[in-house]
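Novice: I would like to see how this sequence folds:
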Amino acid sequence: MDVIFCVFTVLVTQQSSYFYQQVNAQDAEFSGNGYIVHNESCYFFSNIQSNFRTSNLFCKNHGMHLVSIQSSNEQSFLVEKIMKRGIEDYWIGLSRFSWLDGSPLSYINFPEINKALDDDGRCFRLRAHRNNWHDAPCSLQYKFICEVEYDFSLLCLMGEFRHYVYDQSCYYFSTLIENFKTSKSRCENFGMHLVYIESEDEEQFLISKREDDTDYWIGMASVGWRDGSQINYKNFRDVQSTFDRGGLCFLLRHPDFDWHDMTCDSTHRYICEKVFDGQAHMISTSFKLAADDATLDDEAIISSYSVRSVLRCAKLCMGDKDCAYFTFIAHERACSIGRSLLAADVSHLEPRHGARTYSII
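Specialist: Residues are numbered from 1 along each chain as shown. Prediction:
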């Protein structure tokens, strides 16, 4: 799974640098340094053990939090991934019946309650082999799971990591090579779908953003877009050779970049798409990144908020007539909006690792 979908900030301090190096080295062979994307969250499965406090600190220092489990689906996903790694317990972000990230305790998975609280319920672990949660002394050493909610809008807004905005859609160009079914599933895991090409202009935009001369899976299947929408634009090669393989799965194929069917089990890169809602599209075309690893200073700040996403921070800025800049710090869920500054006046910006400051276009 592509690690770039995990939007987090790595803060390596003197106290945590050695610990970080151990994790990075030991997890190097597991799914991109231990990171897995599922249902718009990114998870990190550690490969070393630590106590509850150190595990929580590690997640925080990487812009994440110890996992909060919100549904039986998420529980099943975590158990499945753990069982593939071995039968072990993992720290989760539950302490005294509250999730550390502030999420509501809307889903629970304790055994009989009198058996789940051997140690006063201060620190909880996920016992995959029993598919439940149980407390444990906080000083014990277990592996742990970190989580951060994946915000594709942030990547699109920044235009980074092979994410691009055109009209009212965000596109992601994969570097992985997968068959059609797996490509479709990966896009869906990101809250996206295989691209639907609805005009020549859109196709020319996609061609202009490709990283090299390669073929890409698109969302055409059985000569129709997978969501059932009408084919308003088509670019099949020619009738004689376009459907040589049954017309079940289609590629945007170089060098002519027409559409050609291909055996669905063959492996290629793919393009994912997500259509913005009205607010996201407006925000993506209204702001630009002004400074990385920098925050507005106290003199420039009009007001500050606690928010979960860059989109919410941008909307707060747009709702204030005096706002010309905003700073968003993902791992702190911190948003600051600021008054107009001279573009060349960097004195109102302060270095801050993980902070990104945007300006109105």
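Novice: going forward, measure contacts and count neighbours with C-alpha atoms only.
Specialist: Noted.
Novice: what's the neighbour count on the nearest residue to Pro137 once chain neighbours are set aside?
Specialist: Nearest non-adjacent residue to Pro137, counting by Cα to Cα, 6 or more residues apart in numbering: Asp119, 6.0 Å away. Residues contacting Asp119 under the criterion other Cα atoms under 10 Å number 13.
Novice: same thing with Tyr305?
Specialist: Count around Tyr305 with other Cα under 10 Å applied: 14.
Novice: that one: what secondary structure?
Specialist: What DSSP: H, G, I helix; E, B strand; the rest coil gives for Tyr305 is strand.
Novice: any idea of the mean pLDDT for stretch 42-50?
Specialist: The predicted model gives stretch 42-50 an average pLDDT of 90.
Novice: that one: how far from the chain's middle?
Specialist: Distance of stretch 42-50 from its chain centroid, counting by Cα atoms, centre = their mean, to the nearest Å, is 17 Å.
Novice: what do you get for stretch 182-196?
Specialist: 13 Å.
Novice: same thing with stretch 262-276?
Specialist: That offset, for stretch 262-276, works out to 18 Å (Cα atoms, centre = their mean).
Novice: which outside residues touch that stretch?
Specialist: Contacts of stretch 262-276 with the rest of the structure, by Cα atoms under 8 Å, 6 or more residues apart in numbering, involve 168-181, 183, 187, 191-196, 214-218, 244-245, 247-251.
Novice: list the contacts for Lys184?
Specialist: 193-194, 219.
Novice: got it, and Ser55?
Specialist: Residues near Ser55 by Cα under 8 Å, 6+ apart: 66, 91, 143-144.
Novice: helix or strand right after the helix or strand containing it?
Specialist: Per DSSP states H and E, Ser55 falls inside helix 52-61. Scanning forward in sequence from helix 52-61, with DSSP H and E defining helices and strands, the next element found is strand 65-66.
Novice: name every strand pairing with that next one and say which way it goes.
Specialist: Partner strands and pairing direction for strand 65-66 (DSSP bridges) are strand 143-149 (antiparallel).
Novice: put the alpha carbons of the strand it pairs with into CSV.
Specialist: The C-alpha trace of strand 143-149 is given here as CSV (Å, rounded to 0.1, in the frame of the first residue of the first chain):
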residue,chain,number,x,y,z
LYS,A,143,3.5,-4.0,20.2
PHE,A,144,1.2,-1.1,19.3
ILE,A,145,-0.9,0.3,16.5
CYS,A,146,-0.9,4.0,15.5
GLU,A,147,-3.6,5.6,13.4
VAL,A,148,-4.2,8.8,11.5
GLU,A,149,-7.2,9.7,9.5
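Novice: mind listing what's buried along that strand?
Specialist: By neighbour count on 16 or more other Cα atoms under 10 Å, the buried set for strand 143-149 is 143-149.
Novice: quick one: which two of those residues are the most distant?
Specialist: The two members of the buried residues of strand 143-149 with the most space between them (Cα to Cα) are Lys143 and Glu149, at 20.5 Å.
Novice: circling back to that earlier point, sort the buried residues of strand 143-149 by pLDDT and name the bottom one.
Specialist: Glu149 (72).
Novice: how close does it get to Asn56?
Specialist: The spacing between Glu149 and Asn56, counted by Cα to Cα, to the nearest Å, is 16 Å.
Novice: so where do the helices sit in the stretch 1-150 of the chain?
Specialist: For the stretch 1-150 of the chain, the helices defined by DSSP state H, counting those that start in this stretch cover 17-26, 31-34, 52-61, 72-85, 113-116.
Novice: parallel or antiparallel, list what pairs with the lengthiest strand in the chain.
Specialist: Criterion DSSP state E: the longest strand present in the chain is strand 349-360. Partners of strand 349-360 in the sheet, by DSSP bridges, are strand 287-296 (antiparallel), strand 325-329 (antiparallel).
Novice: neighbours around Val275, how many?
Specialist: Val275: 16 neighbours (other Cα under 10 Å).
Novice: so how far is Tyr43 from Glu81?
Specialist: Rather than Glu, residue 81 is Lys. With distances defined as Cα to Cα, the gap from Lys81 to Tyr43 amounts to 10 Å.
Novice: so these two - more neighbours on which side?
Specialist: Tyr43 (24 against 13).
Novice: just give the closest residue to the more buried one, not the sequence neighbours.
Specialist: Nearest to Tyr43 is Glu147, by Cα to Cα, 6+ apart, at 4.5 Å.
Novice: cool, and Trp99?
Specialist: Distances taken as Cα to Cα, 6+ apart put Gly93 closest to Trp99, at 5.6 Å, once the chain neighbours are dropped.
Novice: pLDDT value on the one you found, please?
Specialist: For Gly93, the pLDDT comes out at 95.
Novice: my guess is Ser41 contacts Gly191, does it?
Specialist: No - Ser41 is beyond contact range of Gly191, at 10.0 Å (criterion: Cα atoms under 8 Å).
Novice: returning to what we had before: quick one, phi/psi of the residue nearest to Trp99?
Specialist: phi -90, psi 40 (degrees, to the nearest 10).
Novice: contacting residues for it?
Specialist: Neighbour list for Gly93: 56, 65-68, 99-101, 123-124 [criterion: Cα under 8 Å, 6+ apart].
Novice: try it again with 10 Å
Specialist: 52, 55-56, 65-69, 99-102, 123-126, 144-147 (Cα atoms under 10 Å, 6 or more residues apart in numbering).
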